[in-house]
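Peer 1: Predicted model, plus sequence, below.
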Amino acid sequence: MKVAAIGILLIAVLAAVTATTALVSRREKAPEQEITLELPAQIARPDPLDYAPGRTEEYERAAAFGLSHVLFEKSPGGVLGAAQRTAGFRDLVDRAVSGSGIDADTVEAIVLLESAGRPDVIAGDDPENASGLTQILAETATSFLGMPVDLEASRRLTDLVNEAVRRGDEAEADRLRSERRRVDARFDPEQALAGTVRYLTEANKVFGREDLAVVSYHMGIGNLASAVRAYTGRQDSAVDAVVGDEGIDYARLYFDSSPTVHRAAWERLAAFGDDSQTYYWRVLGALGVMHLFRSDPARLERLAKLHDDLPSAELVLHPPSVRGRFVDTPQLEAAFARGVLVPIRPASGAHFAVDPQLERIAARLAENPDTYVALRPRAARMLTYLTAKVYELSGEQRPLAVTRATYDELSAATLTPRDPGAAAHAGVHATGFAFDIRRRYGSGAQAAAFQWTLERLESLGLIAWTRGRSVIHLAVSPRAEVS
């Protein structure tokens, strides 16, 4: 739990609470509301980043899909192994939430996201940091959750565990881990889960909502309360009253805050450099992983393969098994002639430009250079929309430069950028749904606006993207639509 230190603000907020609202169990929802990590459809048209009230569940499903890649990419030993380890603690989870009103599925998802089911993991080398099955900070454990933590003893035993592991003495390492559990409750799965349930219970008293309580597990109660107040402009009541009066849920707080709308709330959310603002979406993604682990493990395995191949979810958007890739120049030219691909020559007032180097390469590859300066219509509209949105948010006149668009698989060696950080799958460029934009900006405001737009579109599952040394590589969902 990478939660900010609990200070005076938290104490004041807790003192103002007058009632406790039980969390709503996800098991009470209709089966169709289960998080299944399905490719989402458009939420709002024509502008997907114009927040649409009353569609919280759609936002949640979309964001769970859009930000689930990290669960596949970073789960030690793979997501299936992490899910299996996590499932092994389900009986303890059920006992920990019994009588609390806290949803067991949500707690289990937190375990998967925080530790991948490893009860002895430490964020870094020092057990003062987030540690244990649910990654609780030592300060939070002792000052807020009432958990016994002898930090010096825990540090000493951690060093001894590491030494035993280096020697290959696993029996001694296990003995030392058992001793550490007695002096530091965070490493005891049962006590760690009980601490997490206590935290969520107290957070729910503050916010009166399950989603906000879960967000605060990473962000901190005081920090999230300040974001809610910044969004609403209200300091006059307890936070749970503000949340209830104004109808605040996390989908609204996140998707309705930007550099131009509810800017104060956006600035507070964006100020966290540790992914706090996307934590809830990743918890929902973990819910989806555990749901598939139990209901459709074969599909989870297929998803894992697609996620594992690249540093983004672009192969999930465009699996290699799906037809529609262009093999060579004649096939590409035929698609262009039929209107399957459209040229992306910027019209007057457009906020993107085509890199001259791409023009030169295209002239060498085809009789009609537009063949290689083209995209599928949906992707072309997304390019126009994205660059216009960046201009709207930043006011920067300098256009963003497109360095690569559609190319066929045989031309991949010539057209794939030599940029390891933007590892692009040639087959995705060959679908007509991928393009690259140079990382050279007219101002810091343009760079920040581009970052915000990429993050929000990814959160909606409408794009996948990676940051390379010189370009941003994007793949557009086949279901994305803008006008």
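Peer 2: The structure has been received and is ready for your questions.

Peer 1: State the distance from L383 to A426.
Peer 2: Distance, L383 to A426, using CB to CB, to the nearest Å: 19 Å. Placement of C-beta: from N, CA and C, glycine included.

Peer 1: More neighbours: which of those two?
Peer 2: Higher neighbour count among L383 and A426: L383, with 24 against 17, using other CB atoms under 10 Å.

Peer 1: And the more buried one, how close does it get to R338?
Peer 2: As judged by CB to CB, L383 and R338 stand 20 Å apart.

Peer 1: The stretch 1-150 of the chain: helices as residue ranges?
Peer 2: In the stretch 1-150 of the chain, the helices defined using DSSP state H, counting those that start in this stretch lie at 8-15, 56-66, 69-74, 79-87, 90-97, 104-115, 138-143.

Peer 1: What are the buried residues along the third one?
Peer 2: Applying a neighbour-count criterion of 16 or more other CB atoms under 10 Å, one finds H69, V70, L71, F72 buried in helix 69-74.

Peer 1: got it, and the fifth one?
Peer 2: With burial defined by 16+ other CB under 10 Å, the residues of helix 90-97 counted as buried are R90, L92, V93, A96, V97.

Peer 1: surely the third one meets I110?
Peer 2: No. At 9.4 Å, V93 does not count as touching I110 under the criterion of CB atoms under 8 Å.

Peer 1: Closest one of the buried residues of helix 90-97 to E139?
Peer 2: A96 (21.6 Å; CB to CB).

Peer 1: quick one: contacts for the closest one?
Peer 2: Going by CB atoms under 8 Å, 6 or more residues apart in numbering, A96 touches V107, E190, L193, A194, T196, V197.

Peer 1: what's the closest non-adjacent residue to the residue positioned nearest the centre of the chain?
Peer 2: Taking CA atoms, centre = their mean, the centroid of the chain lies closest to L67, which sits 3.1 Å from it. Closest residue in space to L67, ignoring its immediate chain neighbours: W281 at 4.3 Å, by CB to CB, 6 or more residues apart in numbering.

Peer 1: likewise G442?
Peer 2: R398 is the one closest to G442 (CB to CB, 6+ apart), at 3.0 Å.

Peer 1: Just to check, that neighbour is in contact with Y441?
Peer 2: Yes. At 7.5 Å, R398 and Y441 qualify as touching, with contact defined as CB under 8 Å.

Peer 1: circling back: tell me which of the helices of the stretch 1-150 of the chain sits nearest to A225.
Peer 2: With distances scored as CB to CB, the stretch of the helices of the stretch 1-150 of the chain nearest to A225 is helix 8-15 (5.4 Å).

Peer 1: Now the closest one: average pLDDT?
Peer 2: On average, the pLDDT along helix 8-15 is 36.

Peer 1: on that earlier part again, OK, contacts around the residue nearest to L67?
Peer 2: W281 neighbours (CB under 8 Å, 6+ apart): E60, A63, A64, G66, L67, S459.

Peer 1: What's the local residue count around the closest residue to L415 other than its chain neighbours?
Peer 2: Nearest non-adjacent residue to L415, counting by CB to CB, 6+ apart: Y407, 4.3 Å away. For Y407, the count of nearby residues is 26 (other CB under 10 Å).

Peer 1: again, but for R398
Peer 2: Neighbour count of R398, defined by other CB under 10 Å: 14.
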